[in-house]
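**Student:** A predicted structure for the sequence below; I have some questions about it.
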Amino acid sequence: MPPLRRRVAPVLGLTAHLGRGVQRIATDAAVGRMRTVPRRIDDLDAAFLSGLLGREVESVTVIGGDAGTSSRARLALTGAGVPASVFVKMPAATAATRLMGELGRLADTEVRFYRDLAPRLPEVPVSHGGIFDALTGRFVLVLEDLTVDRCEFPDTLHPLTVDQAALIVELLARVHATFWERVPSWAYSASGDATSLLTGSLARTSARRLAGRTTIAVDNGRFINDHYRAVAALIDAAPHTVMHGDAHPGNVYFRNGKAGLLDWQAVRRGHPSRELSYTLITSMTTADRVDHQRELLDVYRCALAAGGGPELDGDELWDRYRQAALYAYVATLITAGMGGMQDETIAFEGLGRAVAALDDLDTVKTLQANV
């Protein structure tokens, strides 16, 4: 491809992608009421859920809900053969949040995941049905209600123990082994997508916003922010597998001594080092990570091979893990700097761990030496 075309093509792709998202939201506002997919949690009725679940639902009651990149709720159901309660995800309430979801293809990705990939994976919430409307961006995803079982849900403020982290990396290894070099065509890399053009500028804007608001040395990653697409392409170099894409502690659960993963809306293709660094950096205290990350990577390598994946070289995985720490930094920087996606206490705790990792892993130096 000629140099000019290489520079212009991503811009055109981003413009088209943004336009598609805006068009879906506008179409939903204009003609959405004529579509069969409901718009809000309160619009879900027994007739629609009966068709989606393939079993007759007699009644629907909202137990409770919250909002984030999507609208979420627990529903109580009655009817022969239907679960007593389910967890439902639908479009976000505001247009701005919906556009963010459109940029990340969050709804389409998660519905595809549960349709195409989830049946082959362990410890994934059971899907009772899902639908995505490509015209309006509306979707409904009905999952098992994990709260009725004895599940433990950690978060950033309650870091994983070393034993819990080992369960997570073993689960990631099984996911990665299942799809090693067998990634579906709809899963794209974080660096290869047109929206990666926005990431560097969002990171720089976030760093400026955070100046004076925190003692965390966010500027330590300036090289990453200024050269994001180049360093992201470096850590996304093949071989590839399917990655969860957002395996921070808020998307993890433990049940019956096993680890599980929630929120599969950010599924990507990529090298496992990106996922491993992001997960360990955001999920553990810095001290525990520094003391145990090498042994946890060995746990991962053994589990990957045992699951049918390749036998990765330990030193090579370590080098790529150090480079891939940039992902935890950029993700937590933008989350903290832009606001609205997480509680501020959680966002700043994650950012602090990510900045610490840049230093103790010498991430910027190894990136500078390889870009």
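**Tutor:** Great, that's in hand. Numbering: from 1, shown residues only.
**Student:** give me the domain ranges for this protein.
**Tutor:** The chain resolves into domains spanning 3-148, 151-370 when parsed by automatic domain parsing.
**Student:** can you lay out the ones you listed as a markdown table showing mean neighbour count and mean pLDDT?
**Tutor:** In this view, the C-beta of every residue, glycine as well, is placed from N, C-alpha and C. Formatted as a markdown table, the domains of the chain follow (neighbours: other C-beta atoms under 10 Å; pLDDT from 0 to 100):
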| stretch | mean neighbour count | mean pLDDT |
| --- | --- | --- |
| domain 3-148 | 17 | 89 |
| domain 151-370 | 19 | 95 |
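**Student:** in the stretch 1-150 of the chain, which spans are helices?
**Tutor:** In the stretch 1-150 of the chain, the segments counted as helices under DSSP state H, counting those that start in this stretch are 3-31, 46-53, 95-103, 106-112.
**Student:** grab the nearest non-local neighbour of the residue nearest to the spatial centre of the chain.
**Tutor:** Geometric centre of the chain, nearest residue: Asp246, 2.9 Å, by C-alpha atoms, centre = their mean. Excluding the flanking residues, the one nearest Asp246 by C-beta to C-beta, 6 or more residues apart in numbering is Ala266, at 4.1 Å.
**Student:** how close does that neighbour sit to Leu141?
**Tutor:** Here Ala266 is placed at a distance of 14 Å from Leu141 (C-beta to C-beta, to the nearest Å).
**Student:** with Asp359 instead?
**Tutor:** Using C-beta to C-beta, one obtains 39 Å as the distance from Asp359 to Leu141.
**Student:** also Arg74?
**Tutor:** For Arg74 relative to Leu141 (C-beta to C-beta), the value is 13 Å.
**Student:** so what's in contact with those two at the same time?
**Tutor:** Taking C-beta atoms under 8 Å, 6 or more residues apart in numbering as the criterion, Arg74 and Leu141 both touch Val88.
**Student:** mind jotting down where the helices sit in the stretch 251-371 of the chain?
**Tutor:** 272-283, 286-306, 314-338, 344-360, 363-370.
**Student:** JSON lines for those, including distance to Gly250?
**Tutor:** Shown next, in JSON lines, are these (distance: least, C-beta to C-beta, whole Å):
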{"stretch": "helix 272-283", "distance to Gly250": "9"}
{"stretch": "helix 286-306", "distance to Gly250": "17"}
{"stretch": "helix 314-338", "distance to Gly250": "11"}
{"stretch": "helix 344-360", "distance to Gly250": "8"}
{"stretch": "helix 363-370", "distance to Gly250": "23"}
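**Student:** closest one to Asn220 among those?
**Tutor:** Taking C-beta to C-beta, helix 344-360 is the member of the helices of the stretch 251-371 of the chain nearest to Asn220, at 5.4 Å.
**Student:** what packs against that closest one?
**Tutor:** Contact here means 3 or more C-beta pairs under 8 Å, 6 or more residues apart in numbering; DSSP states H and E; on that basis helix 344-360 packs against helix 272-283, helix 286-306, helix 314-338.
**Student:** out of those, which comes closest to Ala187?
**Tutor:** Closest of those to Ala187 is helix 272-283, at 13.0 Å (criterion: C-beta to C-beta).
**Student:** what is that closest one packed up against?
**Tutor:** So helix 272-283, by 3+ C-beta pairs under 8 Å, 6+ apart, packs with helix 162-178, strand 241-243, helix 286-306, helix 314-338, helix 344-360.
**Student:** let me have these in TSV, extended by distance to Thr199.
**Tutor:** What follows is the helices and strands packed on helix 272-283, written out as TSV (distance: least, C-beta to C-beta, whole Å):
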stretch	distance to Thr199
helix 162-178	23
strand 241-243	17
helix 286-306	24
helix 314-338	6
helix 344-360	15
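**Student:** do you know which of those lies nearest Arg229?
**Tutor:** helix 314-338 (11.4 Å).
**Student:** packing partners of the closest one?
**Tutor:** Looks like helix 314-338 contacts helix 196-210, helix 222-226, helix 228-235, helix 272-283, helix 286-306, helix 344-360, helix 363-370 (3+ C-beta pairs under 8 Å, 6+ apart).
**Student:** which residues are in contact with the closest residue to Arg98 other than its chain neighbours?
**Tutor:** Excluding the flanking residues, the one nearest Arg98 by C-beta to C-beta, 6+ apart is Ala92, at 4.9 Å. Shown in contact with Ala92 (C-beta under 8 Å, 6+ apart): Ala67, Gly68, Thr69, Ser70, Ser71, Arg98, Met100, Gly101.
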